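>>> model this:
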Amino acid sequence: MTRSFQNIVLAFCVGAIISLPTLSFSASANQSADTQKASQKKTRRVPTLRGKVYEQLARAQSYADNDQTPEAFAALKEIEGKKSSMNSYEIAMLYNFYGFIYYNLEQTDEALASFKKVIQEPGIPESFEQSTLFTLAQLSLMQGNYKDSIEFLERWEDLNVGDTPPKNLFIKAQAYYQDKQYEQAGTFVTQAIENKEAAGMIPDEGWLILQRAIYYELKQPEKVKDILVKMVKLFNEPKYWIQLGGMYGELGMEKHQIAIMEAAKQQGYLEKASDIFNMAQLYYYHKAPYKCADMMQQAMDDGILEENLRNLKFLGQCYQLAKEIDKAVPVMQAAADLSDDGQIYAQLSQLLLNIDEFDSAIESAQLAIEKGSLRNPGTIHLVLGMAYYNKHEFAKALEELAKAESFKSSKKMAEQWQNFVRGEKRSFEQNETILASN
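Below is the predicted model:
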């Protein structure tokens, strides 16, 4: 059995997890421009963060650390009032601090605006600019500004010396995914995962979830399957086993599908009603009706599956296929009682006729007619005719067979049965006469 590709992959939300650098004023107040430049490119001249400005920013930080937000903002406003006498590095540090306070207050738009002011200042240390660009990329992703996020990451890359870290590639992949540029997203998330694996590390689960979602959008189920195989091996989560089983079904690999689902069942991973029902369907379609019925019945007994129309009807089908007729009858009776039409009663009447329960067959057939909406109404009159015949109620049998004859689908068989019943009626009456005369 296969399941719709659209339903296999569960709802997937790509969240931007902000990891903002910690702002610290532990450096000396007399830190020189030469010290700042030591870790920077030689072409960039960095102004000095003067001791007086440092002390003012440290006071604002003290307020913030003590959750005195209004006082922290007041201190920053006081510093901002002296902006004309401050150099670019000091101004950048001021707005950087604004950004962190706004972010901690969950005022993301204001935080973005503040961090953008940081990178507008010329001559700040490249490491400072890079960390701010990375923060901006993350915040932009959170706000749904995907193109801005990509632009900030590319500006980060322009400043970077060496390889781009996998976490940057992953954020870039997230932005492209959310912007529905799936090919580009696939390129970057794959590169991020491969780089991490090349370093001997296990890729983050969220990275593989994103990669799976991208290939799903690109309609590449074979790759989705391969990613799920990896996720099963790395994380052994029940949901990944079940999703992998679904993908095998989508790809027509039904032997793999039932094998992986059997393994999931043995590990106790099939706990949800939907998963149990799907597994029972697999058994049914793979001609294992005993397992199908047993799984359905156990789940109903345990209260996992409701005894509703769908489940009872399917359980009845499993029992019938397994030739467990005695168990099928009460289940189908319960399903028929819940149904709005007479179709299940009609099926039950045929089943009862086949096991020579003629009175019960007649009762079910009459209930089927009362509920109505039958797909083949002529058939139910055939069943009644046969049941009455077996009870030697020939007049009623012929009456029902005459009704069956009026339907095109059952006309031919009804005629044949009428001829047979008339002949049997004559023979029966002759025998009765002989017995009476003796």
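
>>> could you list the buried residues of the longest helix along the chain?
If you go by DSSP state H, the chain has its longest helix at helix 411-437. By 16 or more other CB atoms under 10 Å, the buried positions in helix 411-437 come out as 413-414, 417-418, 421, 425. Every residue, glycine included, has its C-beta placed from N, CA and C.

>>> got it, and stretch 182-192?
Buried, per 16+ other CB under 10 Å, within stretch 182-192: 182, 184-192.

>>> quick one: name whatever helix or strand follows whichever strand or helix holds S114.
S114 is part of helix 108-120 when elements are defined by DSSP states H and E. Scanning forward in sequence from helix 108-120 by DSSP H and E, the next helix or strand is helix 126-142.

>>> which residues touch the residue lying closest to A328 once chain neighbours are set aside?
Counting by CB to CB, 6 or more residues apart in numbering, A328 lies nearest to Y319, which is 3.6 Å off, once chain neighbours are set aside. Y319 is in contact with 289, 293, 325, 327-328, 331, counting by CB atoms under 8 Å, 6 or more residues apart in numbering.

>>> cool, and L153?
L153 touches 133-134, 137, 168, 171-172, 175, counting by CB under 8 Å, 6+ apart.

>>> go again with 7 Å.
137, 168, 171-172 (CB atoms under 7 Å, 6 or more residues apart in numbering).

>>> what's the closest of those to L367?
Of all these, I171 has the smallest distance to L367: 63.8 Å, by CB to CB.

>>> three-state assignment of the closest one?
helix (DSSP: H, G, I helix; E, B strand; the rest coil).

>>> now the end-to-end length of stretch 141-151.
11 Å (CA to CA, to the nearest Å).

>>> what residues does that stretch touch?
Contacts for stretch 141-151 (CB under 7 Å, 6+ apart): 16, 18, 108, 112, 137, 140, 171-172, 174-176, 178-179.

>>> again with stretch 75-84
Here stretch 75-84 makes contact (CB under 7 Å, 6+ apart) with 56-57, 59-60, 63, 91, 94, 97-98.

>>> just the buried positions in that stretch, please.
75-76, 79.

>>> show me what contacts L315?
Here L315 is in contact with 293, 296-297, 331 (CB under 7 Å, 6+ apart).

>>> mind running it again at 6 Å?
296, 331 (CB atoms under 6 Å, 6 or more residues apart in numbering).

>>> and whichever strand or helix holds it, average pLDDT?
Using DSSP H and E, L315 falls within helix 309-321. In this model, helix 309-321 has an average pLDDT of 96.

>>> please compute how far that helix lies from its chain's middle.
From the chain centre to the centre of helix 309-321 is a distance of 27 Å (CA atoms, centre = their mean, to the nearest Å).

>>> any buried residues in that helix, and which?
Applying 16+ other CB under 10 Å to helix 309-321 flags 309, 311-321 as buried.

>>> for those, give me CSV that also has distance to M247.
Below are the buried residues of helix 309-321 laid out as CSV (distance: CB to CB, whole Å):
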residue, distance to M247
L309, 30
N311, 25
L312, 30
K313, 28
F314, 24
L315, 27
G316, 30
Q317, 26
C318, 25
Y319, 31
Q320, 31
L321, 27
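
>>> which SSE is Q184 in?
Q184 belongs to helix 182-198, assigned by DSSP H and E.

>>> restricting to C-alpha, output that helix in PDB.
C-alpha atoms of helix 182-198 as PDB (Å, rounded to 0.1, in the frame of the first residue of the first chain):
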ATOM      1  CA  TYR A 182      14.600  25.400  -3.300                       C
ATOM      2  CA  GLU A 183      17.500  24.600  -5.700                       C
ATOM      3  CA  GLN A 184      19.700  27.200  -4.000                       C
ATOM      4  CA  ALA A 185      18.500  26.100  -0.500                       C
ATOM      5  CA  GLY A 186      19.400  22.500  -1.400                       C
ATOM      6  CA  THR A 187      22.900  23.500  -2.500                       C
ATOM      7  CA  PHE A 188      23.700  25.300   0.800                       C
ATOM      8  CA  VAL A 189      22.200  22.800   3.200                       C
ATOM      9  CA  THR A 190      23.900  19.900   1.500                       C
ATOM     10  CA  GLN A 191      27.200  21.800   1.700                       C
ATOM     11  CA  ALA A 192      26.700  22.500   5.400                       C
ATOM     12  CA  ILE A 193      26.000  18.900   6.200                       C
ATOM     13  CA  GLU A 194      28.900  17.600   4.100                       C
ATOM     14  CA  ASN A 195      31.300  20.000   5.700                       C
ATOM     15  CA  LYS A 196      30.200  19.000   9.200                       C
ATOM     16  CA  GLU A 197      30.400  15.300   8.300                       C
ATOM     17  CA  ALA A 198      33.900  15.800   6.800                       C
END
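
>>> by contact count, what packs against the helix or strand just after that helix?
As assigned by DSSP H and E, the chain's next helix or strand after helix 182-198 is helix 205-217. On a contact count with 3 or more CB pairs under 6 Å, 6 or more residues apart in numbering; DSSP states H and E, helix 205-217 meets helix 182-198, helix 221-235.

>>> going by neighbour count, list what's buried in the last one.
This points to helix 221-235. In helix 221-235, counting by 16+ other CB under 10 Å, buried: 221, 223-228, 230-232.

>>> for stretch 160-169, same thing?
164, 166-169.

>>> can you redo these as CSV with pLDDT, distance to A263 and secondary structure?
What follows is the buried residues of stretch 160-169, written out as CSV (pLDDT from 0 to 100; distance: CB to CB, whole Å; DSSP: H, G, I helix; E, B strand; the rest coil):
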residue, pLDDT, distance to A263, secondary structure
T164, 93, 39, coil
P166, 95, 32, helix
K167, 94, 34, helix
N168, 95, 37, helix
L169, 96, 34, helix
